[in-house]
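> Quick one, what's the 3D model for this:
(2 chains)
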2 protein chains.
Amino acid sequence: MTAEIIVIGDEIILGLQVDTNSAYISQRLAENGIAVKRITKVGDDIDRVVSALALAGVSSELVVTCGGLGPTHDDMTRDAVARFLDSELRLNESALGEIQENYTKAGRTMSETNRVQAMIPDGSDYLSNRVGTAPGLKFTKGQATFFCFQGVPKEMEWMTKTYLLPFVQTLHNETVVQYRILRTTGIPESTLYDKIKDVVSKFRKDIDIAFLPLLTRGVDIRLTTTGRTRQVSDTLLSDAFQHFADRIQQVFPNAVYGYDQETLEQVVARLFFHTKKTIATAESCTGGMLAHRLTNISGSSDYFMQGKVAYSNESKIKDLGVDEKLIQEFGAVSEEVAKAMALGVRESAHTDIGISTTGIAGPTGATPGKPIGLCYIGFSTADGTRASKIQLLPFAIDRITFKERIAQVALDEIRRFLLSLK
Amino acid sequence: MTAEIIVIGDEIILGLQVDTNSAYISQRLAENGIAVKRITKVGDDIDRVVSALALAGVSSELVVTCGGLGPTHDDMTRDAVARFLDSELRLNESALGEIQENYTKAGRTMSETNRVQAMIPDGSDYLSNRVGTAPGLKFTKGQATFFCFQGVPKEMEWMTKTYLLPFVQTLHNETVVQYRILRTTGIPESTLYDKIKDVVSKFRKDIDIAFLPLLTRGVDIRLTTTGRTRQVSDTLLSDAFQHFADRIQQVFPNAVYGYDQETLEQVVARLFFHTKKTIATAESCTGGMLAHRLTNISGSSDYFMQGKVAYSNESKIKDLGVDEKLIQEFGAVSEEVAKAMALGVRESAHTDIGISTTGIAGPTGATPGKPIGLCYIGFSTADGTRASKIQLLPFAIDRITFKERIAQVALDEIRRFLLSLK
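Alright, predicted model coming up:
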């Protein structure tokens, strides 16, 4: 079975909003053995939506659309489906009742504007929505089954789980699409590739192998099997996965931080839960990003005791106990200050680890000898306090990217330290 | 002139990575009067890439591709272009020299793997890359001009500015695509629409009007003109923009926080620079996200004095001076504790404003009477200390969305306070 996705909305075509919906649906379909072959994005224009539906309907057996079901005049999907099915829009009393009920439950009154969301094209079924107002649509034409979902990610996700996945799970696919991912950080893509090329050669005839560089996170290596039964796929994939994992561990010890969709903060959280250590952060250049990532995990209050964002020199001195003379002598962005910040926050929070960041995120703030992209990460434990220097290439970063990359390096330092305790 | 974008990469089709490149290119082209009509995404499969090039080449005069120019075996764009042009790949010594030079400049040695990036299809020109290693490609076939860019966003952006935009600017479009955006926060989409429907009706025959709900930010209203000369477009758009702005100001005072691509933190920063006020943050449930957003602005050290992330009760007591009895009596998530946190951080940092967040991000942590999604925001100035209660609907949030939404509400409280001083 082949599937495709149509994303509808001027905001997508004009680049005003990034589409994350198609990625979500692709992933869920892939997990269920269905490979998406094409994703098409069109604007809020009824002619273009109708022709995208027609093209998809002749190429694929499953078509999912997102967007255009809202209450305002620029929402075209209902009209486009009616035209595509050569039918009429009709007020569906039962859909209207559900929309009204959703409003009542949320303690609000339905606005007249929302009535249009109960207009359902003849020849299609409406799909009840329990997490928003607009119902979705389902219909078939020719070989293809169509699902029309909302553009709001939470609603689209709920509709996918509630209607799309149960539908595809009844199809009994004989073959599956499966993948595993090895997530690395700290090694450039081509360096990594060079050192494991022979493993790539060994497996590439049976397995699709992709190197995915993610600027702020590292390089993911994705191994995918398609068109095989689950049993054959399982064997192939676990064999290849083991070979890749072993080789990388041999040439770049601990460069693999996690597998599949695991984030670095999830891995770090697991290590904290296991080792029962605690941490406090003192951030200058990352401005709270490191604390934000550490606290993305439910239960992080078990290990994350305190975070300080010390942007000003005054705050570094008063709040972290950094000696003013160190700042005068070496500057706020220096190995010495990074160490004093890490030590200061560890002592004040009574934690096992204190970690600090101080650097020049840009676009302003560079001085002779201290270019944009320079950062020191301080790391303090009962065994001592050290700092590492990082110089990101200034042409490849903006302020937010800088914060994200440094937070990733800092999280990785925490991971490597906790690993060394196991 | 019509344009389209082809995004190449299994990671996109399989949903492992969200594509932000097509949004970037669409925006830049729209600013230059060119509307993108379709965005197609295909996997790393040479047949599908070639057929996407062929389809685009007959529908549009300008085609931009992203991705598939990397050094590893899964990078297919060079081969696909050669097949599409019915030509051969050939090692280009001058491109190779540039790649080597890029490595030397970065203090690294070029790996053998990177040589493939200097293989250029006959009939195409290579485009030098000063911010990465792989050159881009440019060629024409039939009516269409093709640009092939890298998938790494920083490189794609640089190539767009360096090659694509100068090219389209030579085309002397008579008509333009222009848009303006009013960014609102705190008002539901249908409520907003209901109250300004007559303004929508007045302008919708001449202007495309879209309501874009962004879960964590608010609702954007985008006004777009197409197919008109710059002069006509300017007049139409500024008239409509003024009508919308006035009406919204009348029915929801100060609900518009900014215009076009402006973020709430940029608006807040401008107000801080203007009023010369200072702020300190005490975050529990937002875990550093609020400090992160406040420090996304270059120069934020002028107003952002100190941030504390007090996740544990101990840290709220020791570091923020919250009375332990308040936590015992009312719980950490309460109006009283939110106020004490805001006051505590303002006094310790000697700032004009202290702001705090304490809430239940979930998925765990709910107690009777305190459901997931509950949050208090404390706000303290020399004039007094108050707290506001927010209850997000639990079905519509996950942990990170919760943090983002609460940070947005907190930033908006800061904005409204600073506005009241002007």
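> Which positions in the stretch 101-250 of chain A make contact with chain B?
Residues of the stretch 101-250 of chain A lying close to chain B (C-beta under 8 Å from any C-beta of the partner chain) are A:106, A:108, A:111-114, A:130-133, A:152-154, A:179, A:181, A:188-191, A:193-194, A:197, A:200, A:204, A:208-215, A:220, A:222, A:224. Every C-beta, even on glycine, is put in place using the N, C-alpha and C of the backbone.
> try 6 Å
A:111, A:113-114, A:131, A:154, A:190, A:193-194, A:210-212 (C-beta under 6 Å from any C-beta of the partner chain).
> Surely A:Ala95 and A:Gln117 touch.
No: judged on C-beta atoms under 6 Å, A:Ala95 makes no contact with A:Gln117 at a distance of 7.6 Å.
> more neighbours, the two?
Using other C-beta atoms under 10 Å in any protein chain shown as the criterion, A:Ala95 and A:Gln117 rank with A:Gln117 on top: 26 against 19.
> and the more buried one, which of the three is it?
Here A:Gln117 is recorded as helix under DSSP: H, G, I helix; E, B strand; the rest coil.
> per-residue confidence for the closest residue to it other than its chain neighbours?
In this structure, A:Gln117 finds its nearest non-sequential neighbour in A:Ala134, 4.4 Å apart by C-beta to C-beta, 6 or more residues apart in numbering or on different chains. A:Ala134 is assigned a pLDDT of 87 by the prediction.
> measure A:Ala134 to chain B for me?
Using C-beta to the nearest C-beta, to the nearest Å, one gets 10 Å for the distance from A:Ala134 to chain B.
> Where does that residue fall, secondary structure wise?
Using DSSP states H and E, A:Ala134 sits in no helix or strand.
> contacting residues for A:Ile207?
Neighbour list for A:Ile207: A:223, A:225, A:240 [criterion: C-beta atoms under 6 Å, 6 or more residues apart in numbering or on different chains].
> So what's the gap between stretch A:59-70 and the chain middle?
Distance, stretch centre to chain centre, for stretch A:59-70: 22 Å (C-alpha atoms, centre = their mean, to the nearest Å).
> buried stuff in it?
Of the residues in stretch A:59-70, A:60-70 count as buried by neighbour count, 16 or more other C-beta atoms under 10 Å in any protein chain shown.
> Okay, now that stretch: how far is its last residue from its first?
End-to-end span of stretch A:59-70 (C-alpha to C-alpha, to the nearest Å): 27 Å.
> after whatever helix or strand A:Tyr179 lives in comes which helix or strand?
Following DSSP H and E, one finds A:Tyr179 within strand A:175-184. Per DSSP H and E, strand A:175-184 leads on to helix A:189-203 as the next helix or strand towards the C-terminus.
> what's in contact with the helix or strand immediately after that next one in the chain?
For helix A:189-203, the following helix or strand on the C-terminal side (DSSP H and E) is strand A:208-214. Strand A:208-214 is contacted by residues A:189, A:200, A:219-224, B:10-11, B:72, B:74 when judged by C-beta under 6 Å, 6+ apart.
> Would you mind writing the CA trace of strand A:208-214 as PDB?
Extracted C-alpha coordinates of strand A:208-214, given in PDB (Å, rounded to 0.1, in the frame of the first residue of the first chain):
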ATOM      1  CA  ASP A 208      19.000   1.700   3.600                       C
ATOM      2  CA  ILE A 209      21.600   3.700   5.500                       C
ATOM      3  CA  ALA A 210      21.300   7.400   6.000                       C
ATOM      4  CA  PHE A 211      23.500   9.900   7.700                       C
ATOM      5  CA  LEU A 212      21.500  12.800   9.000                       C
ATOM      6  CA  PRO A 213      23.500  15.800  10.300                       C
ATOM      7  CA  LEU A 214      21.400  17.900  12.700                       C
END
